[in-house]
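>>> Sequence first, predicted coordinates after that:
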Amino acid sequence: MADKVRSLQEVVASIPDGANLTFGGFAAYFTPLALVRELIRQGKRELEMTSVAECWVADYLAGAGRIRRVRFSNFMFEGLGRCQNFARGVERGEIEVEDYSHFAITSRLVAAGLGVPFLPIKPMAGTDLMRTRGFEAEKARPFACPFTGEPVLLVPAARPDVAVLHVARADRDGNSQLFGYTAVVEEQARAAQRVIVTTEEVVEDTVIRAQPELTVLPSFLVDAVVEVPFGAHPTGMYRYYDPHFEFMRDYYAASRDPAAFRAHLEEWVLGPADHWAYLRKVGLRRLLALRSDPGLGIARMHARTAT
Amino acid sequence: MSANRGEGAPNGVTRQEIMAVAAAREIRNGEVAFIGTGLPMVAAYLAKATHAPDTVLVFESGIVGAKPKELATGVGDLRLLVGCVKSTGLYYALSLLQGGFIDIGFLGAAEVDQYGNLNSTSIGDYQRPTVRLPGSGGANDIGSLAQRLVIMVPHEPRRLVPRVQYLTTPGFLDGPGARERAGLRGEGPTRVITDLAVLDFDPASKRMRLATVHPGVTVEAVEARTGFALLRAPTIGETPPPSAEEVRLLRERIDPEGIYIGQKA
Amino acid sequence: MREKIMGLREAVALIKDGDTVAIGGHTLRRHPMALIHEIIRQGRRDLQLQGWNNGIDMDMLIGAGCAASVETSYIGISAFGLALNFRRACERDGLKVIEHSETTGLDMFRATVMGMSFFPTKTPLGSDLMRVNEHLTEIACPFTGEPFAAVRAARPDVAIIHAHTADRYGNVQLDAQRWNDQSADVLIAKAARTTVASVEQIVSDEEVYRNSALTVLPRKFVAAVVEAPYGAHPCACDARYDYDLEETGKYYEASKSKGSFKAYLDTRVRGVADHMEYLERIGIERLMRLTRTRVAR
């Protein structure tokens, strides 16, 4: 069994400027933000994203001026509003975009994971997602089914350089588990050339084998494992901690103004030397208050208990 | 939110409450419904609590058969996981659409045009937009593939426009036969529910028409708030008002803080 | 149902100067350290401490000047050696000690829980424990004439324990590993007039229904529950987190003199506002390293 455990600094150093990255996480949950903060600290730039709904990654990187272009389907802060940094970057012409539907962009990842050059899909036909084009050489091609003549679209396989995925627990070899929904994690891992897993906790492989039904990534898909407790903060992690909504509201307020966001980055990303310094700054009092309830999987205070 | 409260509606019922109730009534018991954030969530919970208890709620994050105790902030909210029957991935959830398993979907948008096409991508030039919106997400997939689509928007001239600036999600595209030619599935949009009226689509032209006005709202007021020439259904009735029980459920159980339905009367 | 969630301050205020206070835990495992720190911060005095097997918990209270007497079978700092505050207090300050074996140390609580004024046992017979412990006396079995030691029932004013979880009503649970309703802490808690339980986490009603067999103390036995994550630190908390040997070593070194121990208390206990500030000083990195599993089970 290989030992793939690495430090955050080490794995981020292995990501070149200009890399095409895909990130785990959905809405306000299980987003690999410890790694994203380290990307910003190490000055990575000109990044490309192949994304579905990794709003927190996109908005952090956009706010730090580190992304060049993005193919994606939706960036939206549920409960807060549209992603201000990202939207500003696009409106100012600093970030090139190519829009997809969720199913279309995910199908491109699925095709890569299946090792086929394209997949036929039904949505997107007839809309500006087909007509209005961004930077993509080939986005989707109308096609008639060779058997029935039914119109479909062919979407080409998309193969990001690196997938960065935050999971609940992994063993040292990279077998990785998630509780709750999995969003696009499995498709991203199979599509990418290289997979970096950040995990709440590294566990013995016996823990993995005791509940194999939770495994989303078998070890052969995974190249590196980084242990980062609270590594999704301020997003939440099912069965570990809730999203830190108070922190998110402060972030969102700052993101409305470039100078205020610069100050936020200085304070919370560039200032702390590493992930531990970041967590110290957030503070145990606040982190422990977010802990999940074992019976609910989310924090007790956020669940209305049956009366 | 309190601005809309009670204006033109009986007994202090908010327009959001009327919208939620009208949307809930679109769901038939036992259907599989694809649900987004906001009023659709309120409507789906109400349907389950009243005439359609066997409705199966599916969320794009990969949550199937949710039985939530309280309102979620969005489709990814972990509160939806508590008590659901299956937690899986986004690709699985959206494959249910393409596979034809989803009976009804609900969408909002920044713009809706007379053919029920939706824009949730950008305002202005695509490359240098005036306003960059969140993007399709699952909206295009739902509009392309759900058996029936219900659209929910505030009734404003800048939202109900002759033609969307960016066509993110297909309604009837440019008219009869267009969905079929593009290879899309499902009936397309069947209802548009606004804070003033319920609209549907003329079977022949596939253009939007006024079906019912909410209590206290005139046909002329609706037309004045619409950015294109609205067709009229042969008879325009009044949207049935929410029952006392529906209002009680909305206010006491589903959205007690009035996040989506406005302030309590 | 009455909710019993309290903060540390409020819960410790239930303890009065001079009270008999029984302490849960076992040598370096799961002592209610967050509660003990708060007792020291509040400056309780003349406490009569009881337990069955103790360590840093009693030693710290003794070193802080909170204790008038101790009644237990053992006070030591595990592999580090003798409990130095305890030793100094015995040797120089005349601390009153009531000596037990582990068995009789439990039997005194067991007697009360069973509604008896004494409990018959064998272990101390023939030892000096019979001579020095006023709560032990020899009796003869009325049927066979066989000799037994009678252990006098203990009825503490307050019991303080640290458990894994509780609900808001005070139903206290221990994780499934090894623990059950015959655990020492359960006897100690049931024997007391007032029981204060700190827990790693206050959990939902659903969680307690789901795992009702883990409830070792039904709410009627519990006056207050206090949420104190890492509330046993630097002791181990069963399968949840390990001993903090670094901190225990620091404690042991400091306890070598009254002066250095006072400085330790000033930094670690008296000089921090509350339990969370204490944890912040220990540091999240070290706490995460001690943690065995973080997933909410």
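Sure thing, it's come through.
>>> Enumerate every residue touching residue B:73.
By CB atoms under 8 Å, 6 or more residues apart in numbering or on different chains, the contact set of residue B:73 is A:28, A:78-79, B:37. Every C-beta, even on glycine, is put in place using the N, C-alpha and C of the backbone.
>>> measure stretch B:147-156 end to end?
Across its full length, stretch B:147-156 reaches 27 Å between end residues, using CA to CA, to the nearest Å.
>>> Distance from the chain centre to it, please.
Its chain's C-alpha centre lies 4 Å from the corresponding centre of stretch B:147-156 when counted by CA atoms, centre = their mean, to the nearest Å.
>>> That one and chain A, are they touching?
No. Using CB under 8 Å from any CB of the partner chain, no contact is recorded between stretch B:147-156 and chain A, whose separation bottoms out at 12.5 Å.
>>> Please state the backbone phi and psi of residue 20?
By default, I'm working from chain A. Torsion angles at residue A:20 (phi, psi; degrees, to the nearest 10) stand at phi -90, psi 110.
>>> that's the wrong chain, I meant chain C
Main-chain torsions, residue C:20, degrees, to the nearest 10: phi -80, psi 120.
>>> which ones are touching it?
Residue C:20 makes contact with C:47-50, C:154-158 under the criterion CB under 8 Å, 6+ apart.
>>> again, only this time at 7 Å
C:48, C:50, C:156-157 (CB atoms under 7 Å, 6 or more residues apart in numbering or on different chains).
>>> Likewise for residue B:227?
The neighbours of residue B:227, taking CB under 7 Å, 6+ apart as the test, are B:157-158, B:160-162.
>>> hmm, which of the residues you listed are the buried ones?
The neighbour count (16 or more other CB atoms under 10 Å in any protein chain shown) marks B:160-161 as buried among these.
>>> Which ones among the contacts of residue B:227 map onto helices?
Counting by DSSP state H, the contacts of residue B:227 place none of their members in helices.
>>> if you look at the contacts of residue B:227, which of them are in strands?
Residues from the contacts of residue B:227 lying in strands, with DSSP state E as the criterion: B:160-161.
>>> and which of the contacts of residue B:227 is nearest to chain A?
Checking these against chain A with CB to the nearest CB, the nearest one is residue B:161 at 14.2 Å.
>>> Tell me who's in contact with that closest one.
For residue B:161, the contacting residues are B:111, B:113, B:227-228, by CB under 7 Å, 6+ apart.
>>> Filter these down to the ones in helices?
Judged by DSSP H, the subset of those located in helices is empty.
>>> Taking the stretch 1-150 of chain A, what residue is nearest to chain C?
residue A:34 (12.7 Å).
>>> how about the helix or strand hosting that residue as PDB, C-alpha atoms only?
Counting by DSSP states H and E, the element that carries residue A:34 is helix A:33-41. The C-alpha trace of helix A:33-41 is given here as PDB (Å, rounded to 0.1, in the frame of the first residue of the first chain):
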ATOM      1  CA  LEU A  33     -10.900  25.800   0.400                       C
ATOM      2  CA  ALA A  34      -7.800  25.100   2.500                       C
ATOM      3  CA  LEU A  35      -6.100  24.200  -0.700                       C
ATOM      4  CA  VAL A  36      -7.500  27.200  -2.600                       C
ATOM      5  CA  ARG A  37      -6.100  29.500   0.100                       C
ATOM      6  CA  GLU A  38      -2.700  27.900  -0.300                       C
ATOM      7  CA  LEU A  39      -3.000  28.400  -4.100                       C
ATOM      8  CA  ILE A  40      -3.500  32.100  -3.500                       C
ATOM      9  CA  ARG A  41      -0.700  32.200  -0.900                       C
END
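>>> Tell me if it is near chain B.
No. Remark: helix A:33-41 sits outside contact range of chain B, by CB under 7 Å from any CB of the partner chain, the gap being at least 14.9 Å.
>>> Which residues of the stretch 151-265 of chain B lie near chain A?
Along the stretch 151-265 of chain B, the residues adjacent to chain A under the rule CB under 7 Å from any CB are B:166-170, B:173, B:178, B:182-185.
>>> who's in contact with the residue of the stretch 1-150 of chain A closest to chain C?
Residue A:34 makes contacts with A:8, A:198, A:228, A:231, A:275, as judged by CB under 7 Å, 6+ apart.
>>> before we move on, back to that, what's the closest of the residues of the stretch 151-265 of chain B next to chain A to residue B:59?
Minimum distance to residue B:59 across these is 17.5 Å, recorded for residue B:169 (CB to CB).
>>> Hmm, the closest one is touching residue B:137, no?
No. The pair formed by residue B:169 and residue B:137 falls short of the contact definition of CB atoms under 7 Å, at 9.8 Å.
>>> between these two, which one's more packed in?
For residue B:169 versus residue B:137, neighbours defined as other CB atoms under 10 Å in any protein chain shown are more numerous around residue B:169 (33 against 29).
>>> ok, and the closest non-adjacent residue to the residue of the stretch 151-297 of chain C found nearest chain B?
Going by CB to the nearest CB, chain B is nearest to residue C:206 of the stretch 151-297 of chain C, at 8.7 Å. If you skip the residues right next to it in sequence, residue C:206 has residue A:295 as its closest partner in space, 4.1 Å away by CB to CB, 6 or more residues apart in numbering or on different chains.
>>> Now do the same for the one you found: its pLDDT.
Reported pLDDT at residue A:295 in the predicted model: 88.
>>> From what I see, it and residue C:203 are in contact.
Yes. Using CB under 7 Å as the test, residue A:295 is close enough to residue C:203 to be in contact (6.1 Å).
>>> what about those two, which has more around it?
residue C:203 (27 against 23).
>>> hang on, that one packs against residue A:291?
No. If you go by CB under 7 Å, residue C:203 and residue A:291 don't touch, sitting 9.9 Å apart.
>>> that older thread, max pairwise distance over the contacts of residue B:161: which two?
The largest separation in the contacts of residue B:161, counting by CB to CB, is between B:111 and B:228 at 11.3 Å.
>>> and the two? which has more neighbours close in?
The residue with more neighbours, out of residue B:111 and residue B:228, is residue B:111; 23 against 17, by other CB under 10 Å.
>>> Contacts only, for that one.
Counting by CB under 7 Å, 6+ apart, the residues that residue B:111 touches are B:118-119, B:159, B:161, B:164-165.
>>> Now do the nearest residue to it once chain neighbours are set aside: how many residues are near it, please.
Nearest residue to residue B:111 in three dimensions, chain neighbours excluded: residue B:119, at 4.0 Å (CB to CB, 6+ apart). The local packing count at residue B:119 equals 25, with neighbours defined by other CB under 10 Å.
>>> Tell me how far residue B:119 lies from residue A:105.
For residue B:119, the distance to residue A:105 equals 19 Å [CB to CB, to the nearest Å].
>>> so which of the contacts of residue B:73 is the most crowded?
Note: the member of these with the most neighbours is residue A:28, at 26 neighbours, neighbours being other CB under 10 Å.
>>> Would you confirm that residue C:159 contacts residue C:190?
No. Between residue C:159 and residue C:190 no contact is recorded; they are 8.2 Å apart, counting by CB under 7 Å.
>>> The two: which is more packed in?
Here residue C:159 and residue C:190 are compared on neighbour count by other CB under 10 Å; more neighbours surround residue C:159, at 30 against 21.
>>> ok but that one is inside a strand, no?
Yes. In this structure, residue C:159 lies within a strand as judged by DSSP: H, G, I helix; E, B strand; the rest coil.
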